[in-house]
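>>> sequence? don't have it. structure:
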């Protein structure tokens, strides 16, 4: 039964992956054999989280700097994932955009 729900060798993209919740999810995925694609706007935070995760399992984390609200950047990301990884098994959206002053 555990093989049925195994995440080993799966690839997950996480937007907002450098936050507390995203970081915890990314760590869980890596500890259980998955690769994670960290998506975010801050290169410094992404590099720090990527280094932390790759210390758990070498080559398990990859970073992509982008704004998930930018359609062109998302299209470019999709093409990069297809080229480099050939597949994406899941997406966890943890990015929070705050819009002030909207009715």
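Perfect, thanks for sending it. Fair warning: this is a prediction, and the values are worked out from it, not measured in the lab. Numbering: from 1, shown residues only.
>>> so what's residue 63 closest to, chain neighbours aside?
residue 46 (4.1 Å; CB to CB, 6 or more residues apart in numbering). All C-beta atoms are positioned from the backbone trio N, CA, C, and that covers glycine.
>>> Wait, the one you found touches residue 26, no?
No - using CB atoms under 8 Å, residue 46 is not in contact with residue 26, being 10.8 Å away.
>>> per-residue pLDDT, the closest residue in space to residue 59 that isn't next to it in sequence?
The spatially closest residue to residue 59, leaving aside those adjacent along the chain, is residue 35, at 7.7 Å (CB to CB, 6+ apart). On pLDDT, residue 35 comes in at 98.
>>> Likewise for residue 79?
On the pLDDT scale, residue 79 gets 96.
>>> Tell me the helices and strands packed up against the helix or strand containing it.
Assigned by DSSP states H and E, residue 79 belongs to helix 71-85. Helices and strands touching helix 71-85, by 3 or more CB pairs under 8 Å, 6 or more residues apart in numbering; DSSP states H and E, are strand 11-15, strand 35-40, strand 61-65.
>>> Would you mark the buried spots in that helix?
Buried residues in helix 71-85, counted by 16 or more other CB atoms under 10 Å: 73, 77, 81.
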